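Undergrad: Structure for this input, please:
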Amino acid sequence: MPQIFHRSANTLSRATIFGAVFVIAALGWVGYEVQGSPYVTYAGVRKPQPVPFSHQHHVAGLGIDCRYCHTSVETSSFAGIPPTKTCMTATRRSGPMRSYSSRCAPATAPGSLCNGRG
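TA: Here you go, the predicted structure:
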């Protein structure tokens with residue numbers, strides 16, 4: 001029975017299969033790198049805070065330890081965002097802040113005094 005394809009077709013098919021596997025692996029690697037890049041994860045991008053907050057005032061002025069609010073700072077690579085309950089408990093204890101906490105309780109309400117304008 002005569003050959004249908006020339007002998008070089010075997011080499012060409014092997015090179016094509018190897019090239020396809022290489023291209024698919026390269027595309028997978030590029031996708032993996034892009035997914036972990038700061039462009040996708042927004043690393044280093046500051047997000048606006050819904051409530052005006054000053055670490056300077058709370059830590060240096062009032063002398064509150066960082067660990068009071070950020071409980072996971074010693075066990076995690078991320079300090080975490082404290083729950084509202086922690087903020088309201090601390091605010092309720094300090095006398096001068098009572099009027100501020102009552103104004104800021106509905107912080108998500110439209111026209112709230114805590115949106116940076118009040």
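Undergrad: Measure how buried Thr86 is and give me the count.
TA: Counted with other CB atoms under 10 Å, the neighbours of Thr86 add up to 14. The way it works is simple: take the backbone N, C-alpha and C, and place the C-beta from them, glycine included.
Undergrad: For Asp65, which non-adjacent residue is spatially closest?
TA: Counting by CB to CB, 6 or more residues apart in numbering, Val59 is the residue found nearest to Asp65 once chain neighbours are left out, at 7.9 Å.
Undergrad: Over to Thr71?
TA: For Thr71, the closest residue by CB to CB, 6+ apart turns out to be Gly80, at 7.1 Å.
Undergrad: Against Asn10, how distant is Ile4?
TA: Distance, Ile4 to Asn10, by CB to CB, to the nearest Å: 12 Å.
Undergrad: So for those two, which residue has more residues nearby?
TA: More crowded of Ile4 and Asn10, by other CB under 10 Å: Asn10, with 10 against 6.
Undergrad: Following element in sequence after the lengthiest helix in the chain, please.
TA: Of all segments of type helix in the chain, defined using DSSP state H, the longest is helix 8-35. Later in the chain than helix 8-35, the nearest helix or strand by DSSP states H and E is helix 38-41.
Undergrad: average pLDDT across the helix or strand just after that next one?
TA: Reading on from helix 38-41 to the C-terminus, the next helix or strand found by DSSP H and E is helix 55. The average pLDDT for helix 55 rounds to 83.
Undergrad: Need the residues that contact whichever helix or strand comes after helix 55.
TA: Later in the chain than helix 55, the nearest helix or strand by DSSP H and E is helix 66-69. Under the criterion CB atoms under 8 Å, 6 or more residues apart in numbering, residues 58-59, 73-74, 79, 82, 86-87, 90 lie in contact with helix 66-69.
Undergrad: Which members of the residues you listed are the farthest-apart pair?
TA: Greatest spacing in these, by CB to CB: Glu74 and Cys87 (20.1 Å).
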